[in-house]
Every structure is written in C-alpha cells, then in structure tokens.
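Q: sequence? don't have it. structure:
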C-alpha cells in the first residue's frame, strides 16, 4: 500500500501508524506536525495515560530498511532543533510545565510480509 504514496503522504502514513502505536499503549495524541514559525516541526506529541509525561516523537519511515536505520537519520542537528521546538511548545502550553518530558524516535519500516511496523526507540536523545 505505502509504495504507491508520494514522499509527503508516505510520511503522514508513518505518523499515523506511530500515533496508533502510542494510542494502543494508552497515550493520547496532543499534536501532530506542530510548528513554531519557520524553525521546524515536531511530528508527534503524545501524553501518557497518567498525565505525567509528555513525549516529543520524531517519526522516520523507511520503505527499504536495508539502506539505513530510520533512527540514524535523527542526527545531532535534528535533535537540537527538536529540543528547541519542545521548549517552544512548553512555553506556548504552560499546562504541561509539571510534566516530565521524553524524546522518542519511531522507526516505521516493512516487515518480511510487507506490512509496516513501528519500532519505538524511547528516550532516543
């Protein structure tokens, strides 16, 4: 299914699978593709079931997992930008000031049957 999608639609597909993954674990999606000016975007922001943890997640989809791991695409520059965006999000949403914060990466890739699966890397950076 995913092979017929363009790059943007493929990214949205990966984000949807990742959001479903978190929601199955009891998390609530707070925001998708959250932007602060031209600084960039956070793919997914989710809240833990106990409302004590806010997770900022970078989603990386690879149609061909043999090329490189999706998580390896989140380099130092990208991590710094996501941290800065998270600070902006917390500034704009002070109701989360008492929450713990975590930065995850969700790798999305096809398994041996061609079905896309999510590999969560919690506390990736």
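A: Nice, thanks for sending it over. Values in this document were obtained by computation on a predicted structure and should not be read as measured data.
Q: only C-alpha atoms for contact and neighbour calcs from this point on.
A: OK.
Q: For my notes, confirm residue 63 occurs in a helix.
A: No. Counting by DSSP: H, G, I helix; E, B strand; the rest coil, residue 63 falls outside a helix, being coil.
Q: How about it: what's its closest non-neighbour residue?
A: The shortest distance from residue 63 to any non-neighbouring residue, by C-alpha to C-alpha, 6 or more residues apart in numbering, is to residue 109 (5.9 Å).
Q: Residue 18 is in contact with that neighbour, correct?
A: No. In this structure residue 109 lies outside contact range of residue 18 using C-alpha atoms under 8 Å: 11.1 Å.
Q: Neighbour count: these two, which is higher?
A: residue 18 (27 against 22; other C-alpha atoms under 10 Å).
Q: quick one: terminal-to-terminal distance for stretch 44-52?
A: 17 Å (C-alpha to C-alpha, to the nearest Å).
Q: go on, stretch 45-61?
A: Terminal residues of stretch 45-61 lie 17 Å apart, using C-alpha to C-alpha.
Q: Also stretch 116-125?
A: 24 Å.
Q: Buried residues, stretch 8-23. List them.
A: 10-15, 17-23 (16 or more other C-alpha atoms under 10 Å).
Q: Likewise for stretch 99-109?
A: By neighbour count on 16+ other C-alpha under 10 Å, the buried set for stretch 99-109 is 99, 101-109.
Q: picking up where we left off before, shared neighbours of residue 109 and residue 18, which are they?
A: Common contact partners of residue 109 and residue 18 (C-alpha atoms under 8 Å, 6 or more residues apart in numbering): residue 118.
Q: Quickly find the element holding residue 19.
A: Using DSSP states H and E, residue 19 sits in helix 7-24.
Q: How far does that helix sit from its chain's centre?
A: The chain centre lies 8 Å from the centre of helix 7-24; the measure is C-alpha atoms, centre = their mean, to the nearest Å.
Q: go on, stretch 9-27?
A: From the chain centre to the centre of stretch 9-27 is a distance of 8 Å (C-alpha atoms, centre = their mean).
Q: So which residues make contact with it?
A: Against stretch 9-27 from outside (C-alpha under 8 Å, 6+ apart): 2, 28-29, 43-44, 46-49, 59-61, 106, 108, 117-118.
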